[in-house]
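> Coordinates only, no sequence provided:
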């Protein structure tokens, strides 16, 4: 049983972390939570990245292998 009130939100201050690391952790949190899990707000800063949603790539928008100024591109599961 969760001792927090139903409307509680846990705030996590994560500092500076790699985008991919935090994205994977958030997916794990989302996949393993249940109806009793408190909502969480994650505050994090990451080095610059461009995210490419589901429409990016060979079947959608044409995406170069790297963004301007050498900023890496990260494919994500957002968008439809």
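It's in. Please read these numbers as outputs of a predicted model, since none were measured by experiment. Numbers count the residues shown, from 1 in each chain.
> pLDDT below threshold where in this structure?
Applying pLDDT under 70 to the chain flags the ranges 1-2, 54-68, 78-80.
> How are the strands of this protein distributed by residue range?
Assigned by DSSP state E, the strands in the chain fall at 9-16, 39-45, 50-52, 73-75.
> packing partners for the first one?
Looking back up the chat, that one is strand 9-16. Counting contacts by 3 or more Cβ pairs under 8 Å, 6 or more residues apart in numbering; DSSP states H and E, strand 9-16 packs against strand 39-45. All C-beta atoms are positioned from the backbone trio N, CA, C, and that covers glycine.
> Leaving out the residues flanking it, which one is nearest to the residue nearest the centre of the chain?
For the chain, the residue nearest the mean C-alpha position is residue 23 (3.6 Å; Cα atoms, centre = their mean). Spatial nearest neighbour of residue 23, excluding adjacent residues (Cβ to Cβ, 6 or more residues apart in numbering): residue 76 at 6.9 Å.
> Spit out the contact partners of that neighbour.
Counting by Cβ atoms under 8 Å, 6 or more residues apart in numbering, residue 76 touches 23, 51-53.
> Cool, thanks, signing off.
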